[in-house]
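Peer 1: Need coordinates for the below:
(one chain, ligands or ions: 1)
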Amino acid sequence: MNRRSLHPLAALAAAALLLIPSLTATAQRRKTPTPAPTPTPAPVVKNPADLIVVAGAVLTVDPAFRILGESAIIIQDGYIIEITSPAEADAKWTAAERIERKGSVVMPGLVNTHTHAAMTLMRGIADDKPLMEWLEKWIFPAEKRNVSPDFVQAGTTLACMEMVRGGTTTFADMYYYESDVATAVAACGMRAVLGETWLDAPAPGHATLEEAQKVTRAFLTTWRGNRRITPAVAPHAVYTCSKETLLAAKALADEFSAPLLIHVSETQDEQKRVQAKYGTTPVRFLDQIGFLGPRVVAAHGVWLDAGDLQLLAAKKVSLSHNPESNMKLGSGVAPVLAARKAGVVTALGTDGPAGSNNDLDMWEAMDFAGKLAKVTALDPTVLPARDLLRMATIEGAKALGLDRVTGSIEPGKAADLIAVDLAEPRLRPVYDITSTLAYSAKESDVSLTMVDGKVLWDGRKWRTIDANAAVKAAAEWREKIQKSLKDAAPAR
Ligand SMILES: [Zn+2]
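Peer 2: Prediction:
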């Protein structure tokens, strides 16, 4: 299905509208002497649609950032085909399903540009530790002993539940067994860019570079062209991947025109390590080896300098800003204002839910990004609500190369949308809907989550996930993981 196939439907709608006035005019031209036969009312031709969503207001996040009053969004084959008034929608369209959200504002689904979804199963396993201790004593041992296809399916399903409930419709993932991650995401119905993560050290699912290439090639081959899932290659970082590994990842991604997801300049320690090894910054090193390009999404970028930013802008690399993770891990403050000024597409992410956040909440990502920028610049005017909403939607889509598909509510785009119920006292009164959404709304206000025209969260329950089974599986994994750590390290 592509945008072109929408046009005949739109043309049909226009023709149906023209038909009625022209018939009326013909009837009026008939004059006496003979009494006019009683005109037969023109049959009202209604076009069939799959779904009509009636919203109290619509935040389109289109290029003009239009905010519409009460509106009806017409959806066919998973795509938005028209946005009109409810009265006109009733006159023109007949839909198999109608969803009323008159007390809600409908907006594009949120786009989380950086996470490690399956790590939900290790949420809270060890917090408030120095990064290396957290990784080496807890995360790496727990991953080594537990990460498997079953683990990633259970963890990703739990993550999808959380994201869908909270209004995220698209996410980018870096983890292992991404083919199994894809199976879980496909079942849940979200949209995702899924990057098989490579390290020089043996990783779950592939111990060597050759194995990583083989596994990832099979993953890319299986999932390329999928309507909702974009397979990707994710070399972990410059300090964990050799030049050979980085270039092999790029070559494979180039072969499949796939995105490249990578951590870049997250900590000061990373800067020091790369400086010691290569005598330069991670970004300049990546540029020197020819790694950078428009399909690269760099996560974090906390320690980027002006020269790095210029390079990222020139090479059209996108940046995923993860303010909550950077704060929780004490990594620093990413130069988001400078990045945006330099012309780098800057989107938002949460990072993994184990230790570095600890959730997948994109409303918090917006709120934290805004406040962190303001307190750092000592200027409340920077990163206003409108910019935050753009970063969480259309700029996220742009960063992931999906902006022709998702990120705004416009005819021709996929129906990836959410409704935010404005009933809570915390959200009243409303002076400026952008402020309400960026600074007051929370995950619990989301009253509808839809991806590709399919309802995943209806305001009360998940439509595609067995919630009880997913929560039970997470509890069982907690026992297994806990036991694996105790068995291996009784002294802790
Ligand atoms: Zn990360």
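Peer 1: make it CA atoms for all contacts and neighbour counts henceforth
Peer 2: Noted.
Peer 1: Show the residue spans covered by the strands in the stretch 1-150 of the chain.
Peer 2: 47-59, 67-68, 71-76, 79-84, 93-108, 110-115 (DSSP state E, counting those that start in this stretch).
Peer 1: Report the angle between the fourth one and strand 47-59.
Peer 2: Comparing the axes of strand 79-84 and strand 47-59 via axes from the mean of the first three to the mean of the last three Cα atoms, to 10 degrees yields an angle of 70 degrees.
Peer 1: Please apply the same query to the third one.
Peer 2: Comparing the axes of strand 71-76 and strand 47-59 via the same axes, to 10 degrees yields an angle of 140 degrees.
Peer 1: Show me which residues of strand 71-76 are buried.
Peer 2: Ser71, Ala72, Ile73, Ile74, Ile75, Gln76 (16 or more other Cα atoms under 10 Å).
Peer 1: Where does pLDDT dip in this structure?
Peer 2: 1-37, 39, 43, 488-492 (pLDDT under 70).
Peer 1: how does it divide up, domain by domain?
Peer 2: The chain is divided into the following domains under automatic domain parsing: 1-28+49-108+414-460, 110-402.
Peer 1: Name the stretch among the ones you listed that sits most buried.
Peer 2: Most buried of the domains of the chain by mean neighbour count (mean count of other Cα atoms under 10 Å) is domain 110-402; its value is a mean of 21.
Peer 1: now the end-to-end length of that domain.
Peer 2: 13 Å (Cα to Cα, to the nearest Å).
Peer 1: Please apply the same query to stretch 168-181.
Peer 2: 17 Å.
Peer 1: Let the chain start at 9 from now.
Peer 2: New numbering, starting at 9: the last item is stretch 176-189.
Peer 1: Give me the contact list for that stretch.
Peer 2: With Cα atoms under 8 Å, 6 or more residues apart in numbering as the test, stretch 176-189 has contacts from 117-126, 156-158, 160-161, 164, 171, 198-205, 211-213, 227, 242, 269, 370, 408, 424-425, 457-459.
Peer 1: So which of those belong to helices?
Peer 2: Counting by DSSP state H, the part of the contacts of stretch 176-189 found in helices is Pro157, Asp158, Val160, Gln161, Thr164, Met171, Phe227, Met370.
Peer 1: that's a helix at Ala195, yeah?
Peer 2: Yes: the assignment for Ala195 by DSSP: H, G, I helix; E, B strand; the rest coil puts it in a helix.
Peer 1: nearest residue to it other than its sequence neighbours?
Peer 2: Residue nearest to Ala195 in three dimensions, not counting chain neighbours: Thr472, with 7.1 Å by Cα to Cα, 6 or more residues apart in numbering.
Peer 1: now the host helix or strand of Ala180, how far from the centre of its chain.
Peer 2: Using DSSP states H and E, Ala180 falls within strand 176-183. When distances are taken as Cα atoms, centre = their mean, to the nearest Å, strand 176-183 is centred 6 Å away from the chain's centroid.
Peer 1: Direction included, what does that strand pair against?
Peer 2: Partners of strand 176-183 in the sheet, by DSSP bridges, are strand 118-123 (parallel), strand 199-206 (parallel).
Peer 1: circling back: is it possible to get TSV of the strands of the stretch 9-158 of the chain that adds distance to Val463?
Peer 2: Below are those laid out as TSV (distance: least, Cα to Cα, whole Å):
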stretch	distance to Val463
strand 55-67	10
strand 75-76	22
strand 79-84	12
strand 87-92	13
strand 101-116	10
strand 118-123	15
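Peer 1: For Asp316, see how far away the residue nearest to Gln318 when sequence neighbours are not counted is.
Peer 2: Residue nearest to Gln318 in three dimensions, not counting chain neighbours: Ala350, with 6.4 Å by Cα to Cα, 6+ apart. Counting by Cα to Cα, the gap from Ala350 to Asp316 is 10 Å.
Peer 1: just Thr205 next, same as before
Peer 2: Here the criterion is Cα to Cα. By it, Thr205 lies 24 Å from Asp316.
Peer 1: Then Met374?
Peer 2: Separation of Met374 from Asp316 (Cα to Cα): 24 Å.
Peer 1: Glu96: which of the strands paired with strand 176-183 is closest?
Peer 2: Taking Cα to Cα, strand 118-123 is the member of the strands paired with strand 176-183 nearest to Glu96, at 28.5 Å.
Peer 1: so where do the strands sit in the stretch 259-408 of the chain?
Peer 2: Using DSSP E, counting those that start in this stretch, the strands assigned to the stretch 259-408 of the chain run over residues 268-272, 304-308, 326-329, 354-356.
Peer 1: Make a markdown table out of those and add distance to Ile133.
Peer 2: Formatted as a markdown table, those follow (distance: least, Cα to Cα, whole Å):
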| stretch | distance to Ile133 |
| --- | --- |
| strand 268-272 | 22 |
| strand 304-308 | 23 |
| strand 326-329 | 24 |
| strand 354-356 | 25 |
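Peer 1: how about these, which one is nearest Thr414?
Peer 2: For Thr414, the closest of those is strand 354-356, at 14.0 Å, according to Cα to Cα.
Peer 1: what packs against that closest one?
Peer 2: Applying 3 or more Cα pairs under 8 Å, 6 or more residues apart in numbering; DSSP states H and E, one finds that strand 354-356 makes contact with strand 118-123, strand 326-329, helix 344-350, helix 370-385, helix 393-400, helix 402-407.
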